[in-house]
Structure formats: structure tokens, C-alpha cells
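>>> with the input below, show me the fold.
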Amino acid sequence: MNKEYLSIADMMSGLMMVFLLIAIVFMLDVQRSKDEIEQQKNEIEQQKNEIERQKNAMAEIAEMAEQSRQLLHEKLLREFESDLKRWNADILSDNTVRFNAPKVLFKLGKSTLLPRFKTILSDFFPRYVAILQVYRDEIEAIRIEGHTSSDWIKTDDVAMRYLKNVELSQRRALSTLTYCYALLQHSARQRDWLQLVLRANGLSFAKLIRNGDGSENADKSRRVEFRVVTKAEEKLYQILERSRSVNYQ
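Predicted coordinates:
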């Protein structure tokens, strides 16, 4: 009888040890889960703080960029307002200077600057660079952009039409850059700076000008634009990229 009692007692002790071990394992598992949840909460909080910091930085940079944009816009208008009509040009709200008259710029399908456009550029570009140099520390790039209409090449092959217009618009942008750069041959300081920031970009018919009914305005689409890209824009882009990487984690 005592042996049976001892056997049952040993069995119960063994079961108690098993239950104790199970309880300990369960408690450790619960603690690990709590630690993981706490870590995730901390990571989420850090991401929220980083997003908030980036939002504040973007707001501050955007404010600075807007102030610079307005000041530059006022200076460009003050300098060129009396010339815009005879040049058939516009200064857009983002300070892009747009030359609109396609028959003055190039012959159809060609990239050689016409005499009238050379005369305009000779008047415009040195004055334009003189203004921009005041903001040189804020400028990332000056882009000379060539734009075409979509109807130069008559073909049903959309890819071919696009690529031919890419080639044409790039040649036109480069011809414009080459002529403008040569205008400053006696100013080493300006040329040294322009080598760092001046770019030629052919955009084909990627940014068409449209009429009120949505149809393409072929004449207005064939144009050359001078566009300033500020370092603030680049900073905003970098912050947006970092923000996307945080959101994707």
C-alpha cells in the first residue's frame, strides 16, 4: 500500500514538474511576444517620428523654395516683360521661359537655329544668366528643353514617331545650348558655372500643349523652354524618396 502511495506521489510530482515547465515555457513565450510587440510599437513610433520630421523638413524647404521662386519671378518679369511680346515668349509661374513661335525657331524637321531665333537668344541669354548667377547657390540645373508636336513624322508606328521626335527635340535643345554657351565666350566665370548646371533635354511630344477641347495644339507644342531646377526641388525629391522607403518597410 505504501509503495503504491509513493508511486502515485512520484507520478504527481512528475506531473507537477511537467506543468511547471509548461507554465515556464508559456510565460517565456508570452514575454517574448510582449517584447516583440513592444519592439514593433517602438519601430512604428520611430517611423511616425521620421515621417513627421520629413514632413516638417519638406514644409520648411517648400516655404524657402516658394520665396525664392517669387523673388526670381519678379526679377525675370522686371527684366524681360517689355521683350516678351516681340519675342513671342512667356514666363510661366514656375519661372520657365517659353519661346513659342515655331517658324522663328527652326525649319520643320530641322535643328539649325534660324537667324531670328539667334537674334532673340543673343539678347535674352546673357541677361538671363546674369540674373540666375545671383541665385547660383540655390540652382541645381538650367535645362534647355526641346519640345515637338506629334505630327512631324506621318506614320502609324507610334514608337517610331516618338523616337524620331526624341532625336529631333534633343538636337534642337543641343543646338540652342551650343549657341547660348558661345555667347559667353568672353566670360570665363559664367562659362565655368554653366558647365556645372546647363543641360540640354529633348522631350519629344511628352508635354504637348492642348487646346480648350483637349486636342493637340501643334504650333504651341513646338517650342523651346529654359527651365530652372533649384536645389530645394532636389531636396524635396530626396525627402520624398526617403519617405517612400520608410513607408515600404
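>>> show me where the chain has its strands.
Using DSSP state E, the strands of the chain run over 89-91, 97-99, 139-147, 198-202, 223-230.
>>> could you dump those to a markdown table with mean pLDDT, mean neighbour count and distance to Ile24?
Placement of C-beta: from N, CA and C, glycine included. Formatted as a markdown table, the strands of the chain follow (pLDDT from 0 to 100; neighbours: other CB atoms under 10 Å; distance: least, CB to CB, whole Å):
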| stretch | mean pLDDT | mean neighbour count | distance to Ile24 |
| --- | --- | --- | --- |
| strand 89-91 | 97 | 17 | 76 |
| strand 97-99 | 98 | 20 | 76 |
| strand 139-147 | 96 | 21 | 62 |
| strand 198-202 | 97 | 18 | 68 |
| strand 223-230 | 95 | 21 | 63 |
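>>> quick one: closest of these to Val166.
strand 198-202 (5.6 Å; CB to CB).
>>> that closest one to strand 223-230, inter-axis angle?
130 degrees (axes from the mean of the first three to the mean of the last three CA atoms, to 10 degrees).
>>> can you give me how far strand 198-202 is from the chain middle?
Put simply, strand 198-202 sits 15 Å off its chain's centre (CA atoms, centre = their mean, to the nearest Å).
>>> to Arg69, which of the strands of the chain lies closest?
Distance to Arg69, taken as CB to CB, is lowest for strand 223-230 among these, at 7.7 Å.
>>> could you give the angle of the closest one to strand 139-147?
160 degrees.
>>> partner strands of strand 223-230, with direction?
The strands beside strand 223-230 in its sheet (DSSP bridges) come out as strand 97-99 (antiparallel), strand 139-147 (antiparallel).
>>> hmm, Val228 and Tyr128 touching each other?
No: contact between Tyr128 and Val228 fails when scored by CB atoms under 8 Å: they sit 9.6 Å apart.
>>> could I get the strands of the chain as CSV with distance to Thr176?
Listed next are those as CSV, based on distance: least, CB to CB, whole Å:
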stretch, distance to Thr176
strand 89-91, 13
strand 97-99, 9
strand 139-147, 5
strand 198-202, 7
strand 223-230, 6
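>>> what about the helices in the protein?
In the chain, helices defined by DSSP state H lie at 2-80, 84-87, 102-105, 115-133, 158-183, 188-197, 218-221, 231-248, listed in chain order.
>>> pLDDT on the third one, on average?
Regarding helix 102-105, the rounded mean pLDDT is 94.
>>> find the nearest non-adjacent residue to Ser150, please.
Phe205 (4.1 Å; CB to CB, 6 or more residues apart in numbering).
>>> show me the contacts for Val228.
72, 95-96, 132, 139, 141-143 (CB atoms under 8 Å, 6 or more residues apart in numbering).
>>> that older thread, which of the strands of the chain sits closest to Asp157?
Closest to Asp157 of the strands of the chain, according to CB to CB: strand 198-202, at 19.0 Å.
>>> okay, now the sheet partners of the closest one, with direction.
By DSSP bridges, strand 198-202 pairs with strand 139-147 (parallel).
>>> the strands of the chain: which one's closest to Asn165?
Short answer: strand 198-202, nearest of the strands of the chain by CB to CB, at 8.1 Å.
>>> any idea of the angle that closest one forms with helix 115-133?
130 degrees.
>>> got the contact list for strand 198-202?
Strand 198-202 has contacts (CB under 8 Å, 6+ apart) with 141-146, 166-174, 176-177, 180-181.
>>> CA atoms of that strand as PDB?
Extracted as PDB, the C-alpha positions of strand 198-202 are listed here (Å, rounded to 0.1, in the frame of the first residue of the first chain):
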ATOM      1  CA  LEU A 198      23.500  73.900 -68.100                       C
ATOM      2  CA  ARG A 199      21.700  70.900 -69.700                       C
ATOM      3  CA  ALA A 200      20.000  70.100 -73.000                       C
ATOM      4  CA  ASN A 201      17.000  67.800 -72.900                       C
ATOM      5  CA  GLY A 202      14.800  66.600 -75.800                       C
END
